[in-house]
Each structure stands twice: as C-alpha cells, then as structure tokens.
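Enquirer: below: sequence and its predicted model.
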Amino acid sequence: MFERLDSLPSDPILGLSQACQQDGNLNKVDLGVGVYKDEQGNTPVLTSVIEAQRLVQERELTKAYQGPVGNRVFNQQIQSLIFGATSALQERLTTLQTPGGCGALWLGAKLIANARGAATIWVSSPTWANHIPLMQGAGLTIKEYPYYDASTQKVDVDAMMAVLAQVPAGDLVLLHGCCHNPCGTDLTLDDWQAVAELAQKNGFTPFVDLAYQGFGDGLEEDVQGLRLLANAVPEMLVASSCSKNFGLYRERTGALTVLTNSAPSADIVFSHLQNASRAVYSMPPAHGASIVETILTDSALRQQWQGEVADMRERIKSLRESLSVALAPYGDFGFIPQQRGMFSFLGLSIEQVTRLKQQYSVYMVDSSRINLAGINQANLPYLAESIARVL
C-alpha cells in the first residue's frame, strides 16, 4: 500500500528546533518555534495553572466523554473573554471547544466548506505557515491580500484595502486578531473600521485568528478591533487558543466562536459544528478546558492569571526594547519595539540567516522571523554580536 510514498521534508520550523537541539554549541540561540520562554529559557507552567490543576484533580469524579461540545462553562467563559461578558451579541454567538487553535481554524473552515461548497478565503501575505494547509485541507481555496511592507516594517494599509475592496460576497477574509504571526505588525482601530466598512459593503465574511490575546497591549485592548468588527457585520468566525496566554501548549485547548445573523441561526450552526467535529476528532480533550474554566470562574485565580499574562507581555516588550538598543550601532532596528507579540522580521537575507545558523548557532527561519521570547539577558550580547557580523 505504501510503496509509492516518498519521504516528506520536516516542517521548516520544527526541523529548525531539532537542529538546534542537536547543536553542541553552548552559545546556541533558538529563535524559531513560537512558544513563550522565561529568562531561563524554559516554557513555564503558570502558577495559576498549577493551582487550578490541583483543584481540578480534587473535584474530578469521572473520565467519561464530555461530548462534541466540550466543556460548556469553558465555552461561555472564552466567549465572554473575547466579546465581553455583557455583549449585546450573545444570542447570536455560539462557541464550541476544539483541540487547540488549529482545531478551531480547521473546524471553522470545514463549517464554511459544508455551507458553501467551494469557498475562497483570503489570507494576509505573509501569514502563519499553518493557515494555508489547514484551510486547504478543509476544502477552501486560498487567495492572498498584501499586508506587510518589508521596506517600511509596517502594514501596507493602502495595498491591503485596495485588494480587500475587490473581495466578493461569499468569500472570507482571514485576519490576525492581534500580535500578527509572523511580522508582529498589527492593524489600528481605524484599519479595523475600514475592514468592517468593506465587509458591510461587499458582503465578505471575516474569520479572525485570535491566538495571542493579552500578549499585545492587554486582554481587553487586544480585542477592541475584533469587537468593532463584530458589531458591524452579520456573520463572523473567531478561532481562539489558550496555548499562549494560559501556557497550555501541550493540552491543545482552543475554541471556535461563530457570530450569526440571528439566534435561530446560531442554534443551527451549533448543530453543524458538533456534526463536523464528531466526524473528525469526536470529542475534545477535557483537561486543559477544565483548567481554564477553573481559573476564569475563580476571582482570585483569575486575578493571578491576569497578572501572569501581564508579566509575560511586559517581558516581551522589554526584550523588544533591549534588542533594538543592542542592534542600534549596526542599523535601524527602531521598528522592533513598535511591534507587538512574540514575532518580528529582522530583515536579513537567506544567506545571512544561513551564516547565523552555520557559523554562530543562531537559529531562525529563512524569512528572518524571530521569536523574541527566545532571547534573554544572558544570550542577548552574543545574539547582537552575531547579527552584527553577518550584517
């Protein structure tokens, strides 16, 4: 059966991480895989998560399936975290727990494919590497709109809006809710308003990937654009992840929230989401969602978690400032502190990235996208010196 299969290359980012692990250079720096790391280079378990896990274990009475819907309290809490606890949109919203943000993206794409058959989704150029295979795997056609201008290190708003103005009714537009991966450059509220006006005029449906809520400017601040858009359009999808802001990477905890044009439509969509999920992964895992539920429904734990998210956010901002200062003698890197989240493009060539890896054991993807959280005060001088040498 398998004789005709050829071996496939490793995922470029995961392969990069493996190469770094095998590198014997004690000064090696891993800026590839997008996970948060602390000053010691570890991806920590949040203190609020440790306490929530203890409570979950004490209270858990069964390991029975929780059903395709997942944890209903978790679903409601995540919906409120994104849209607000008193949102007037609540009766038009429906949320289903998924296996991570990837599961949410796929489930949303599958819902669209089931509803419309051959549908087209427009993604930013660049976008997160897994967006395209996820969307294509669910049956959607991919087109791109301009986003990041490498010459200015900013969003090319004019080019973006010019293309989005041509997106027809029935198509979808994938947007990064905050902390754009891979460029770290986000839309302003005025930009979100412009997208909302185009969606109203042309009839395309926004699909927002919200993987980093709290890592940009704050848990509330990071969803202001998304909320503005939701209040302007009849339908919208939001894929959210608890991997980053709760540190639950390996627990695969996410959710898909769909905004419909009416409460009856929300009920119909909810039934189709359950049907689609049942056909693929059947039931989402319970542990991570139980942790999140416990944190968000306990006032003390929620306050502690909010403080930990703020600490992670401020550390990343501090690293942006420190890297910019360290590289200032070798070029204009003032754009780095202006961006948000864990990622930035350094603007290096493939040849320079290759030299960094081969000669200095500094690992980043060929586009020179770096994970800022891979930097710490111990490796920053070596990193800056290495970059200076290839410049």
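Expert: Noted; the coordinates are in hand. Small disclaimer: the values here were computed from a predicted structure and weren't measured.

Enquirer: next, give phi and psi for the residue lying closest to Leu356 once chain neighbours are set aside.
Expert: Nearest non-adjacent residue to Leu356, counting by Cβ to Cβ, 6 or more residues apart in numbering: Val362, 4.1 Å away. Backbone N, C-alpha and C define where each C-beta goes, glycine included. Reported as degrees, to the nearest 10, the phi and psi values for Val362 are phi -100, psi 120.

Enquirer: Ala19 too?
Expert: Torsion angles, degrees, to the nearest 10, at Ala19: phi -60, psi -40.

Enquirer: hang on, it packs against Val365?
Expert: No: the criterion here is Cβ atoms under 8 Å, and Ala19 misses it with Val365 at 11.6 Å.

Enquirer: and these two? Which one has more around it.
Expert: The neighbour count for Ala19 versus Val365, taken as other Cβ atoms under 10 Å, is higher for Val365 (20 against 16).

Enquirer: could you measure from the residue nearest the centre of the chain over to Ile350?
Expert: For the chain, the residue nearest the mean C-alpha position is Ala211 (2.7 Å; Cα atoms, centre = their mean). Using Cβ to Cβ, to the nearest Å, Ala211 is found at 26 Å from Ile350.

Enquirer: try Thr294
Expert: Counting by Cβ to Cβ, the gap from Thr294 to Ile350 is 46 Å.

Enquirer: do Gly254 as well
Expert: Counting by Cβ to Cβ - Gly254 and Ile350 are separated by 33 Å.

Enquirer: repeat that for Lys28.
Expert: Distance from Lys28 to Ile350, by Cβ to Cβ: 20 Å.

Enquirer: which one's more surrounded, the two?
Expert: Shown here are Lys28 and Ile350; by other Cβ under 10 Å, Lys28 has more neighbours (18 against 11).

Enquirer: phi, psi for the more buried one please.
Expert: When read as degrees, to the nearest 10, the backbone of Lys28 gives phi -60, psi 150.

Enquirer: list the contacts of it.
Expert: Cys20, Ser361, Val362, Tyr363 (Cβ atoms under 8 Å, 6 or more residues apart in numbering).

Enquirer: next step: those restricted to helices.
Expert: Cys20 (DSSP state H).

Enquirer: so the residue nearest to the centre of the chain touches Lys244, yeah?
Expert: Yes: contact criterion Cβ under 8 Å: Ala211 and Lys244 qualify, at 6.3 Å.

Enquirer: hmm, back to that, what is the burial count for the residue nearest to Leu356?
Expert: 25.

Enquirer: direction included, what does the helix or strand hosting Lys143 pair against?
Expert: Assessed by DSSP states H and E, Lys143 sits inside strand 141-146. Note on strand 141-146: by DSSP bridges, its sheet partners are strand 120-125 (parallel).

Enquirer: show residues contacting the partner strand.
Expert: Counting by Cβ under 8 Å, 6+ apart, 109, 112, 131-132, 135, 140-148, 160, 163-164, 167, 171-176, 180, 204, 207 sit against strand 120-125.

Enquirer: show me these that map onto helices.
Expert: Those of those lying in helices (DSSP H): Ala109, Ile112, His131, Ile132, Met135, Met160, Val163, Leu164.

Enquirer: name the single longest helix found in the protein.
Expert: helix 299-327.

Enquirer: what residue spans form the domains of this protein?
Expert: What automatic domain parsing lists as the domains of the chain is 12-45+302-390, 65-297.

Enquirer: go through those and pick out the most buried.
Expert: Of all the domains of the chain, domain 65-297 has the most neighbours on average by mean count of other Cβ atoms under 10 Å, namely a mean of 20.

Enquirer: and the end-to-end length of that one?
Expert: 22 Å (Cα to Cα, to the nearest Å).

Enquirer: and it, average pLDDT?
Expert: Across domain 65-297, pLDDT averages out at 96.

Enquirer: ok, now stretch 308-325?
Expert: In this model, stretch 308-325 carries a mean pLDDT of 97.

Enquirer: contacts for that stretch, please.
Expert: Stretch 308-325 has contacts (Cβ under 8 Å, 6+ apart) with 36, 38-39, 46-48, 214-219, 245, 333-334, 336-337, 339, 341-342, 344, 372-373, 375-377, 380, 383-384.

Enquirer: if you set the cut-off to 7 Å instead, what comes out?
Expert: By Cβ atoms under 7 Å, 6 or more residues apart in numbering, the surrounding residues in contact with stretch 308-325 are 36, 46-48, 214-215, 219, 245, 333-334, 336-337, 339, 342, 372-373, 375, 380.
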